[in-house]
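S.K.: here you go, sequence then predicted model.
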Amino acid sequence: MKRTYIDLSHTIENGLVTYKGLPAPIICDYLSREESRQHYEPGTEFQIGKIEMVSNTGTYVDVPFHRYVKGKDLSETAIPKMAGLEGIVIYIDSSVKAIDADSFYHLDLKEKAVLVHTGWDNYWNTERYFENHPYLTEKAAQYLVSQNVALVGIDSVNIDDTSGKARPVHTTLLGEEIPIVEHLCHLNQLSKPFRFYAVPPKLKGVGTFPVRAFAEIVEA
């Protein structure tokens, strides 16, 4: 069997702005290689990194606790909710901003990771990425729930319309314990059947965290 892996996550680096208004991560040495040399025999050195960041950084997964105080956090969300999921990519025309339920009609979505390709990842790390981005409507979220999807992802800055204060897609999906993955990329490379993975660390009291999202393609 031949296995191919396609990376669907953005690189997190020092100073990266993922969501305007939230602080960028600070990535630096806690213990540099030079400083470590005094602790080990000659020729042996290590680096220990230090990272300061908000949980909504890079490509990340949202679980119920992100929206609901009594919702399951990352430590309580089962691995099968985010790993080894049969995936499907929904291709949306670049002219569409409000992605409605009809974009998902007549498709087998049951227990699948539904990944919405808008091409918005082309604007990653630019000012345009934050402006007038594509998003799902509340009716789309309700339809996805009715189809018993396993997870929903998008290659945009937010799965909800951020022009107002309401967040109906987060409310609907996380209310049904359907994880959301935002800021995906390279979805256009998924032309063959695949399994989707987006697993975060097992953190207590946290509802969002960066993931190394990727697709696994297995061929005979």
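M.R.: Okay, I see it. Numbering: from 1, shown residues only.
S.K.: where along this structure do the strands fall?
M.R.: Applying DSSP state E to the chain gives strands spanning 2-7, 26-31, 48-52, 60-62, 85-91, 98-99, 113-117, 135-136, 151-154, 180-182, 195-197, 208-210, 214-219.
S.K.: just send those back as JSON lines, with mean pLDDT too.
M.R.: Converted to JSON lines, the strands of the chain look like this (pLDDT from 0 to 100):
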{"stretch": "strand 2-7", "mean pLDDT": "97"}
{"stretch": "strand 26-31", "mean pLDDT": "98"}
{"stretch": "strand 48-52", "mean pLDDT": "98"}
{"stretch": "strand 60-62", "mean pLDDT": "98"}
{"stretch": "strand 85-91", "mean pLDDT": "98"}
{"stretch": "strand 98-99", "mean pLDDT": "98"}
{"stretch": "strand 113-117", "mean pLDDT": "98"}
{"stretch": "strand 135-136", "mean pLDDT": "98"}
{"stretch": "strand 151-154", "mean pLDDT": "98"}
{"stretch": "strand 180-182", "mean pLDDT": "99"}
{"stretch": "strand 195-197", "mean pLDDT": "98"}
{"stretch": "strand 208-210", "mean pLDDT": "98"}
{"stretch": "strand 214-219", "mean pLDDT": "97"}
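S.K.: any chance of the ones you listed in a markdown table, with mean neighbour count and distance to Gly164 too?
M.R.: All C-beta atoms are positioned from the backbone trio N, CA, C, and that covers glycine. Below are the strands of the chain laid out as a markdown table (neighbours: other CB atoms under 10 Å; distance: least, CB to CB, whole Å):
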| stretch | mean neighbour count | distance to Gly164 |
| --- | --- | --- |
| strand 2-7 | 11 | 33 |
| strand 26-31 | 12 | 31 |
| strand 48-52 | 11 | 31 |
| strand 60-62 | 24 | 19 |
| strand 85-91 | 19 | 24 |
| strand 98-99 | 18 | 12 |
| strand 113-117 | 25 | 20 |
| strand 135-136 | 26 | 11 |
| strand 151-154 | 26 | 18 |
| strand 180-182 | 24 | 18 |
| strand 195-197 | 21 | 30 |
| strand 208-210 | 23 | 21 |
| strand 214-219 | 16 | 33 |
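S.K.: contact partners for Ile79?
M.R.: Val199 (CB atoms under 8 Å, 6 or more residues apart in numbering).
S.K.: so for the protein, the centremost residue is which one?
M.R.: Central residue of the chain (CA atoms, centre = their mean): Val181, 3.0 Å from the mean position.
S.K.: Ile180 versus the residue nearest to it when sequence neighbours are not counted, what's the distance?
M.R.: Of all residues not flanking Val181 in the chain, Gly153 sits nearest, at 3.7 Å (CB to CB, 6 or more residues apart in numbering). Separation of Gly153 from Ile180 (CB to CB, to the nearest Å) stands at 7 Å.
S.K.: most remote residue from this structure's center?
M.R.: Max radial position in the chain (CA atoms, centre = their mean) goes to Pro42, at 42.6 Å.
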